[in-house]
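> I would like the atomic coordinates for the input below:
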Amino acid sequence: MKIGVIGGGAAGLAAAYELGLRGHTAEVFEGAPFLGGQASTFDVGGTPVEKGYHHLFRSDTAMIDLMSELGIGHQLKWIDSNVGYFVDGRLWKFTSPFDLMRFSPLPLLDRIKLGLMTLMLQRRKEWHSLEQVTATEWLKEHAGRKGYEVIFEPMLRGKFGDHHDRIAMSWLWNKFALRTASRGKGLLGRFKEQLGYPVGSFAEIFDVLAERVRSQGGQVHINAKVQGTIVEDGRCVGLRVAVDGGEPETRTYDAVLSTVPSYIMPHVAPDLPESYVAHLTDKTYLAAVLVVLVLDRPLSRHYWTYVGDRSIPFLGIIEHTNFIPAENYGGGHIVYLTNYLERDSRLYQMSAEELYREYLPHLAQINPAFDESWVKEHHHHKVDAAQPIVTPGYADTIPDHRTPIAGLYLANTTQIYPEDRGTNYSVRMGRQVAALIDDDAN
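Presented below is the predicted three-dimensional model:
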């Protein structure tokens, strides 16, 4: 078969590659001038780095196996992680149970309760019942009101804004499960988290994937604008697409896979019935908005810092060069200031310079010695469909990968649940949907 694939991110490229392995030919159309989607890169010091921070957990076997399959497994390095938490005007180390016991913003009994709750969630395998309750309700009961107010409420507010008290507990459970899988074995290893990063960036994975698709007889286009699907007698038989600024043309296929966000899908495929569209348009996304600083020295000693003080206008600080050495980036120290925002919010609508100026004064709270003279460069990146809002009963609203139009399939981040968005799950889903397309053809 010949299959058209809309989107050159992790899901689309993985699906195209898997279809090639199964004897089919895929043609990928990416509207942006680059591949990788939400894991695309830009250069710092002559080296590509992600526009939005990315890493792998030990449990991310879909991506780990794919890298090995592509012959680039040696590029994946496992590195000890460390976490900080900023609250009450202080940056606290927050990596191990010992750090929790020293975390005085919580009374001792609440620290013990929080530790026991964490252990319970890490060991828990069943998540379906957690989907029926909000994280706010569950945490108040099991972590205590003080634990919720000091730790979890600021994090949920920072991540989900006005939606923070409607998030299903199953979403948060998955975060604990991922971190458990990335910890070592044995008494000391249980307290040490390791995260993976492909030295040279995730861009290498996508570049090699695209090369493999082409070697299988497929094609991968960037700057390719898909204008819509072609449907005849209830079946998707092609796409209307303009490649490299050319005139729109019709290309025929035996099947089409779309990896666009749910709210865009009805525009791509206007023939979809209302019953299916209802499961697309009821999904709410937040945008990931990043200010990326390149400093001449480290900001902190942590890789990942949660900001629990909601008077600070960003959710987290990810200091990439406390993970991958600054020497890889011409000596620049890369710091992400991250937020998840609604597109009508004040911060989202700011220009790159305005947002940088908004954030800058707060860095002295994290490190009192900070001065703007440390900043060598600053960058601004947005990803509109970054974080789906996951509410109780979400599983019942997930649209099927097989759309009601024969030969038309959908694979996007709203369908990954209960796992959260991430390159690993996009790769896994892309390959699974490719297998589905293959099965339907046989």
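> Need the residues that contact the lengthiest helix in the chain.
In the chain, taking DSSP state H as the definition, the longest helix is helix 423-441. Here helix 423-441 makes contact (C-beta atoms under 8 Å, 6 or more residues apart in numbering) with 1, 3, 9-19, 22, 24, 37, 39, 54, 56-57, 60-64, 66, 202, 254-255, 257, 259, 401-402, 409, 411, 413, 415-416, 419. (Each C-beta comes from the backbone N, C-alpha and C, glycine too.)
> Buried residues of it, list them for me.
By neighbour count on 16 or more other C-beta atoms under 10 Å, the buried set for helix 423-441 is 423-434, 436-438.
> do stretch 60-73 as well
Quick answer for stretch 60-73 (16+ other C-beta under 10 Å): 60, 62-64, 66-67, 70, 72.
> Nearest to Ile112, out of these: which one, please.
Asp60 (31.6 Å; C-beta to C-beta).
> Spell out the residue ranges of the strands in the stretch 151-300 of the chain.
With strands called from DSSP state E, counting those that start in this stretch, the stretch 151-300 of the chain shows them at 194-198, 219-221, 224-232, 235-243, 249-252, 255-258, 285-295.
> The stretch 301-442 of the chain now?
Using DSSP E, counting those that start in this stretch, strands in the stretch 301-442 of the chain cover 304-307, 316-319, 333-341, 375-388, 408-410.
> would a markdown table of these with mean pLDDT, distance to Val133 and mean neighbour count be doable?
Formatted as a markdown table, these follow (pLDDT from 0 to 100; distance: least, C-beta to C-beta, whole Å; neighbours: other C-beta atoms under 10 Å):
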| stretch | mean pLDDT | distance to Val133 | mean neighbour count |
| --- | --- | --- | --- |
| strand 304-307 | 95 | 23 | 24 |
| strand 316-319 | 96 | 25 | 22 |
| strand 333-341 | 97 | 22 | 23 |
| strand 375-388 | 93 | 18 | 18 |
| strand 408-410 | 98 | 28 | 24 |
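> Looking at the ones you listed, which is nearest to Val237?
Closest among those, once you apply C-beta to C-beta, is strand 408-410, at 9.7 Å.
> Make CSV out of the strands of the stretch 301-442 of the chain and add distance to Trp171.
Shown next, in CSV, are these (distance: least, C-beta to C-beta, whole Å):
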stretch, distance to Trp171
strand 304-307, 16
strand 316-319, 17
strand 333-341, 13
strand 375-388, 9
strand 408-410, 21
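> what about those strands, which gets the closest to Glu232?
Between Glu232 and the strands of the stretch 301-442 of the chain, the tightest spacing by C-beta to C-beta is seen for strand 408-410, at 11.9 Å.
> how far out from the middle of the chain is that closest one?
Centre-to-centre, strand 408-410 and its host chain are 21 Å apart (C-alpha atoms, centre = their mean, to the nearest Å).
> Just give me the neighbour total for the nearest residue to Gly71 once chain neighbours are set aside.
Excluding its sequence neighbours, the residue lying closest to Gly71 (C-beta to C-beta, 6 or more residues apart in numbering) is Val208, at 7.7 Å. Val208 has 19 neighbouring residues, counting by other C-beta atoms under 10 Å.
> contacting residues for Ile366?
Contacts of Ile366 (C-beta under 8 Å, 6+ apart): 86, 91, 299-300, 305, 317.
> ok, Glu137 - contacts?
Contacts here follow C-beta under 8 Å, 6+ apart; on that basis Glu137 touches Met169.
> just for this structure, where's the confidence low?
178-191 (pLDDT under 70).
> Tell me how this protein divides into domains.
Per automatic domain parsing, the domain ranges recorded for the chain read 2-54+202-283+396-441, 55-95+193-200+285-388, 106-182.
> Just say which of the ones you listed is most tucked in.
domain 2-54+202-283+396-441 (a mean of 20; mean count of other C-beta atoms under 10 Å).
> chain center to that one: distance?
16 Å.
> For the stretch 1-150 of the chain, just list every one of the strands.
Under DSSP E, counting those that start in this stretch, the stretch 1-150 of the chain gives strands at 2-6, 25-29, 41-44, 47-50, 76-80, 83-87, 90-93.
> nearest to Leu290, of the ones you listed?
strand 47-50 (9.4 Å).
> Strand partners (parallel or antiparallel) of that closest one?
Taking DSSP bridges as the criterion, strand 47-50 forms sheet pairs with strand 41-44 (antiparallel).
> contacting residues around the strand it pairs with?
34, 48-51, 201-203, 294, 329-330, 332, 334, 377, 379, 381.
> please redo it, this time with the cut-off set to 7 Å
For strand 41-44, contacts defined as C-beta atoms under 7 Å, 6 or more residues apart in numbering pick out 48-51, 201, 203, 294, 329, 332, 334, 379.
> Of these, which is the nearest to Ser104?
Using C-beta to C-beta, these come closest to Ser104 at Ile334, 31.4 Å.
> What's the separation between the closest one and Leu66?
Distance, Ile334 to Leu66, by C-beta to C-beta, to the nearest Å: 25 Å.
> ditto for Phe57
15 Å.
> Over to Val256?
23 Å.
> Grab the nearest non-local neighbour of Leu408.
Cys236 (3.9 Å).
> same question, Pro270
Gly228 (6.7 Å).
> is the one you found in a bridge, and if so with what?
Those that pair with Gly228 in a beta bridge, by DSSP bridges, are Arg240.
> got it, and Leu91?
Going by DSSP bridges, Leu91 forms beta bridges with Phe86.
> Ala15 and Gly4 touch, don't they?
No: taking C-beta atoms under 7 Å as the definition, Ala15 is not a contact partner of Gly4, at 11.0 Å.
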